[in-house]
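[1] A predicted structure for the sequence below; I have some questions about it.
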Amino acid sequence: MSAPRVATRSVSSSTDRVRLALESLALVVLLAATWVVAGYTLEGAGVGVVSAGRTGFAALGLLLLALLSHGGGRRSAPTHPPVSARRYTWWQLGVLAFTGVAGYTMLSTIAIAFAGPTIPSLILALSPVVVLLLESLLTRARVRPLVLVATVIAIAGAVLYIVPRLRGAAEPGLVWGVLAAVGAMLSMAVYGLYFAHVNRGYRGPMTPRILPVFTLGSMPLVVWAAAEVSGGGPVALVTLIALLVLGLGIYVPAYVVQHRIILTAGPAYAALLGLAVPPVVGVASAAVGLSPLPGPMQAGGIVLTLAGMLAVIRMKFHPSNVAGSERGRNTRRPVRF
């Protein structure tokens with residue numbers, strides 16, 4: 001049996017490199033925005049309603065985007081040959097929907113409920129190295145030592161940033177929170193690798209590939225939210241509006257960009273970008289007076305995280321890596337939303 005393939009597209013041209021850099025920056029900013037808005041929505045609704053709202057409205061936004069793209073394609077002639085996408089099998093769709101949407105959302109919410117947000121954030125910071133090692137194991141490819149070292153440096157920086165917030169973080173259900181956080185981290189790691197595997201070689205729009213995943217994955221969350229509301233859980237109108245903005249205005253572009261990066265630069269690279277989110281949220285919150293400025297240890301952690309990330313990004317764009325990614329490629333079509 002051949003080893004699973006986690007193929008990525010080329011970033012050989014300067015246009016590709018600039019686009020990937022801009023998409024990486026956009027993803028970090030969008031993910032940071034989700035933290036702020038999601039935290040606000042939890043003040044007016046239960047975790048079930050918030051979880052279902054953010055994924056459900058995101059699925060609705062993806063559907064609208066797909067319909068608009070389809071309508072626009074009918075009015076104008078295509079600029080390149082049409083792309084035939086492989087349909088997901090029910091098994092593939094089920095695995096993606098559970099690991100990337102329902103499972104991750106439920107486990108991460110349970111982790112925060114039992115252990116607070118700090119310890120789960122610390123565990124989720126290990127995701128890049130887990131994805132990197134799993135990707136190497138599945139593809140039977142050796143991890144470059146410099147890439148591994150730079151990834152570990154970035155993770156160490158994230159740990160230094162989070163550790164000062166651990167004071168008073170112990171909760172009665174800490175063990176269950178830690179287990180749920182580990183499950184959430186592994187769930188998202190499996191999702192990134194499996195999405196890259198089943199979509200290897202795909203060159204078409206991202207929206208049709210992620211819409212069925214989020215539609216199916218949102219269903220158990222909607223059931224959870226319905227049970228919560230029927231039990232007397234609060235749902236404020238302003239919270240629903242905030243969830244609508246979160247799902248359509250932030251999660252839709254974030255998910256589209258994230259999945260483009262997974263197929264362009266790989267799951268490990270996409271996971272690495274997540275390390276920049278907590279520092280961005282912390283600095284932005286301090287800038288608007290919502291939290292104190294990062295202390296010396298946190299500032300050092302930010303520097304280490306950025307140094308490790310920039311090293312990985314630079315190696316990603318190294319000519320030898322670009323040449324390697326071009327081997328075996330025959331044709332290349334531009335990617336559309």
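    Nice, I can see it.
[2] how about the helices of the stretch 1-150 of the chain, start to end?
    Counting by DSSP state H, counting those that start in this stretch, one finds helices in the stretch 1-150 of the chain at the ranges 14-41, 47-75, 90-97, 103-115, 118-124, 127-139, 145-162.
[3] Next, the contact list for residue 301, please.
    Contacts for residue 301 (Cβ atoms under 8 Å, 6 or more residues apart in numbering) come out as 156, 157, 158, 159, 160, 161, 162, 279. Just so you know, the C-beta spots here come from the backbone N, C-alpha and C atoms, and that holds for glycine as well.
[4] How far away from the center of its chain is the strand or helix carrying it?
    Here residue 301, judged by DSSP states H and E, is contained in helix 296-316. Taking Cα atoms, centre = their mean, to the nearest Å, one finds helix 296-316 lying 19 Å from the centre of the chain it belongs to.
[5] what's the angle between that helix and helix 127-139?
    Computed by axes from the mean of the first three to the mean of the last three Cα atoms, to 10 degrees, the angle separating helix 296-316 from helix 127-139 equals 30 degrees.
[6] Tell me the buried residues in helix 296-316?
    By neighbour count with 16 or more other Cβ atoms under 10 Å, helix 296-316 contains the buried residues 298, 301, 302, 304, 305, 306, 308, 309, 311, 312, 313, 316.
[7] Name the member of the contacts of residue 301 that has the highest neighbour count.
    Neighbour tally across the contacts of residue 301 (other Cβ atoms under 10 Å): the maximum, 29 neighbours, falls on residue 158.
[8] Chain neighbours aside, what residue packs nearest to that residue?
    residue 125 (4.1 Å; Cβ to Cβ, 6 or more residues apart in numbering).
[9] need the contact list for the one you found.
    Taking Cβ under 8 Å, 6+ apart as the test, what residue 125 contacts is 155, 158, 159, 162, 275.
[10] and residue 164, how many neighbours?
    Counted by other Cβ under 10 Å, the residues lying close to residue 164 total 14.
[11] Would you mind measuring from it to residue 112?
    Residue 164 sits 19 Å away from residue 112, going by Cβ to Cβ, to the nearest Å.
[12] What of residue 213?
    In this view, residue 213 and residue 112 are 23 Å apart by Cβ to Cβ.
[13] Among these two, which residue is more densely surrounded?
    It is residue 213, of residue 213 and residue 112, that has more neighbours when counted by other Cβ under 10 Å, with 26 against 21.
[14] What strand or helix carries the more buried one?
    If you go by DSSP H and E, residue 213 is part of helix 207-230.
[15] Check which element follows that helix along the chain.
    Note on helix 207-230: by DSSP H and E, the next helix or strand toward the C-terminus is helix 237-245.
[16] Between helix 47-75 and the helix or strand following that following helix, find me the angle.
    Next helix or strand after helix 237-245 toward the C-terminus (DSSP H and E): helix 252-265. On the basis of the same axes, to 10 degrees, helix 252-265 is oriented at 70 degrees to helix 47-75.
[17] The nearest residue to residue 100 once chain neighbours are set aside and residue 127, how far apart?
    In space, and not counting its chain neighbours, residue 100 is closest to residue 191: 3.5 Å by Cβ to Cβ, 6+ apart. With distances taken as Cβ to Cβ, residue 191 is found 11 Å from residue 127.
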